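Visitor: Sequence first, then the predicted structure:
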Amino acid sequence: MARYFLAHEDKVSGSDAMGSGITEELEKLGAKIFTPHQNEFGKGQVGHRIENLPASTDLVIFSAAVQEDNPELVEARRQRIKCQRYAEALGEITKEKFTIAVSGMHGKSTTTAMIGLMMEKAGLDPTVIVGTKVKWNSGLPKSDFKSSPKSDFDGSNFRMGQSKYLVIEADEYDRSFLNYWPKILVLLNIEEEHLDTYIGGLPNIMKTFEEYIGHLPADGVLVANGEDGNIATLLNSKSEILNSKQIQNSKFKIQKYDSKNERGLKLKIPGRHNIGNANAALSVAKILGISDSLADKALNEFNGTWRRMEYKGELNGAKIYDDYGHHPTEIKATLAGARELLASNGKLWCVFQPHQYHRTYDLFEQFVGAFSDADKTIILPIYSVVGRESEEIKKQVNSEKLVEAIGKTGKDILFMEDFDKLVKYLKENLQPGDVCLIMGAGDIYKLTGKLI
């Protein structure tokens, strides 16, 4: 959203709990960024302060991770400045644009980027917001695009377009997607996830997705994964939302896709799940009138996104990949795809940092069976998410218990308590032909910097 408003030449400032490559990029684009800084005693100070709020502020946008007692948010409300969650602000834009929203527990970033790149290549000049950074034109030369090369992703998670089209990643966490009003809704999968949001479990999740699908207009299209059991249940004749008077009057179209490679795609990103993501994107391309040859070329040249099976380099002749996966289903699908990259004599390593105690506790048994494709698995301590953890649950689960449970299945499993020891171990044990997958949604991405 910061990039969006900067592209519209608005004055943008903001704060974060810590600085990052992303905040540095925003500063280069003209945003004023407040992050923790060192005081005279060398201790980091909090990045959120009342003083950070400019006197002439018209709008304050905050993420779902920001707590209600955040000093800047409290002060903005005291001054009666308009305050919106990220999803609320984006939701207003979806009402103004021809919006294509990509939803589901897995594959959103990849599929959103695929759709955006195909549309860019076709000259549809979309505005695109992805949940992660997209590589420079994903391998396509500047001359291969009908729209100006100045308006592409350029290594960020945002592309500013001048047309009516908006392509977004619609997240289910905190029920954010209920703020969006798409014309085309892509539904990749539905399963148990974010159970701190959906206290009622899968039934609560299904009901919320039903409500979300109800946002489609009469001339809208639902692009749905025909291989997903929960989506099938959602779309059957018993669905309360789809059979309500309101939706019967809408009569939006439903277009299903699968994960078969009938088009003969030669993707650079491995795994059957990515064929499914590509087929979802191709369904959207067909609706928009993009030619098959153009769509296929864009997908076959797609190099992927940041931390989605991202190749980082070699160590001892072993290939190192970095991945954001943190749900058991994501882990299984990514490891299955990674096996396609192994040399005949190589071993598949998985280094995993569990993300959030709540998720590890709720999906413990699924995590136990998630690493079956790995020849060697190493588990790090659980990455604790500030503001989303229960002290009671933290007492009941940890990585050591997960390692013990996986070990009972006969898998080669090891617990490592910190990055430095792990780096030393990998440098001593990785062999030529091996593939090592560094995986997790916490700060484990820093590990690859220590390795390469």
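Guide: Ah, there it is.

Visitor: rest of the way, CA atoms for contacts and neighbours
Guide: Will do.

Visitor: Grab the longest helix from the chain for me.
Guide: Ranked by residue count and defined by DSSP state H, the top helix of the chain is helix 272-288.

Visitor: separation between Asn52 and Asp219?
Guide: From Asn52 over to Asp219 the distance is 45 Å, taken as CA to CA, to the nearest Å.

Visitor: and these two? which has more neighbours close in?
Guide: Neighbours around Asn52 and Asp219, counted as other CA atoms under 10 Å, are more numerous at Asn52. The numbers are 17 against 11.

Visitor: so the more buried one makes contact with Gly14?
Guide: Yes. Contact status for Asn52 versus Gly14: in contact at 7.4 Å, counting by CA atoms under 8 Å.

Visitor: got any residues that touch both of those two?
Guide: Contact criterion CA atoms under 8 Å, 6 or more residues apart in numbering; residues shared by Asn52 and Gly14: Phe34.

Visitor: for Ala374, what are its contacts?
Guide: Leu335, Lys347, Leu348, Trp349, Cys350.

Visitor: Just these: which are in strands?
Guide: Counted as lying in strands by DSSP state E, out of the contacts of Ala374, are Leu348, Trp349, Cys350.

Visitor: Just put those in TSV and tack on pLDDT and distance to Tyr180.
Guide: Output for those, formatted as TSV (pLDDT from 0 to 100; distance: CA to CA, whole Å):
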residue	pLDDT	distance to Tyr180
Leu348	94	40
Trp349	95	39
Cys350	95	36
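
Visitor: By neighbours, which of those residues wins?
Guide: Trp349 leads the ones in strands among the contacts of Ala374 on contacts (other CA under 10 Å) with 26 neighbours.

Visitor: Which strand residues bridge that one?
Guide: Lys376, Cys436 (DSSP bridges).

Visitor: for stretch 202-218, what is the average pLDDT?
Guide: For stretch 202-218, the mean per-residue pLDDT is 93.

Visitor: Name the residues of that stretch that come out as buried.
Guide: The neighbour-count check on stretch 202-218 (16 or more other CA atoms under 10 Å) flags Leu202, Ile205, Met206, Thr208, Phe209, Glu210, Tyr212, Ile213, Gly214, His215, Leu216, Pro217 as buried.

Visitor: Val397: which of those residues is nearest?
Guide: Nearest to Val397 out of these is Leu202 (CA to CA; 21.7 Å).

Visitor: What distance do you get for the closest one to Ser390?
Guide: Applying CA to CA to Leu202 and Ser390 gives a distance of 20 Å.

Visitor: And Glu172, by the same measure?
Guide: On the measure of CA to CA, Glu172 and Ser390 end up 21 Å apart.

Visitor: If you count surrounding residues, which of these two has more?
Guide: When Glu172 is set against Ser390 and neighbours are counted by other CA under 10 Å, the residue ahead is Glu172, at 21 against 13.

Visitor: how does the chain divide up, domain by domain?
Guide: Annotated domains of the chain cover 2-84, 97-300, 310-451 [automatic domain parsing].

Visitor: Which of these sits closest to Gly91?
Guide: Among the domains of the chain, domain 97-300 comes nearest to Gly91, with 4.6 Å by CA to CA.

Visitor: How far off centre is the closest one?
Guide: Here domain 97-300 is found 12 Å from its chain centre; the criterion is CA atoms, centre = their mean, to the nearest Å.

Visitor: check contacts around Trp181.
Guide: Here Trp181 is in contact with Gly91, Thr94, Lys95, Thr99, His215, Leu216 (criterion: CA under 8 Å, 6+ apart).

Visitor: State the three-state secondary structure for it.
Guide: Three-state call for Trp181 (DSSP: H, G, I helix; E, B strand; the rest coil): coil.

Visitor: Tell me where the model's unsure across the stretch 101-250 of the chain.
Guide: Low-confidence segments of the stretch 101-250 of the chain, defined by pLDDT under 70: 135-155, 237-250.

Visitor: how about 50 then?
Guide: Flagging of the stretch 101-250 of the chain using pLDDT under 50 yields the residue ranges 137-151, 245-246, 249.

Visitor: hey, where'd the helices end up in it?
Guide: With DSSP state H, counting those that start in this stretch as the criterion, the stretch 101-250 of the chain has helices at 108-121, 202-213, 229-235, 245-250.

Visitor: what's the answer for the stretch 251-400 of the chain, then?
Guide: Using DSSP H, counting those that start in this stretch, helices in the stretch 251-400 of the chain cover 272-288, 292-300, 328-338, 357-362, 364-368, 391-394, 399-407.

Visitor: Mean pLDDT for those - can I get that in JSON lines?
Guide: Output for the helices of the stretch 251-400 of the chain, formatted as JSON lines (pLDDT from 0 to 100):
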{"stretch": "helix 272-288", "mean pLDDT": "95"}
{"stretch": "helix 292-300", "mean pLDDT": "93"}
{"stretch": "helix 328-338", "mean pLDDT": "87"}
{"stretch": "helix 357-362", "mean pLDDT": "90"}
{"stretch": "helix 364-368", "mean pLDDT": "92"}
{"stretch": "helix 391-394", "mean pLDDT": "88"}
{"stretch": "helix 399-407", "mean pLDDT": "93"}
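
Visitor: Out of these, which gets nearest to Gly19?
Guide: Proximity of the helices of the stretch 251-400 of the chain to Gly19 was assessed by CA to CA; the nearest stretch is helix 357-362, lying at 24.6 Å.

Visitor: Perfect, I'm done here.
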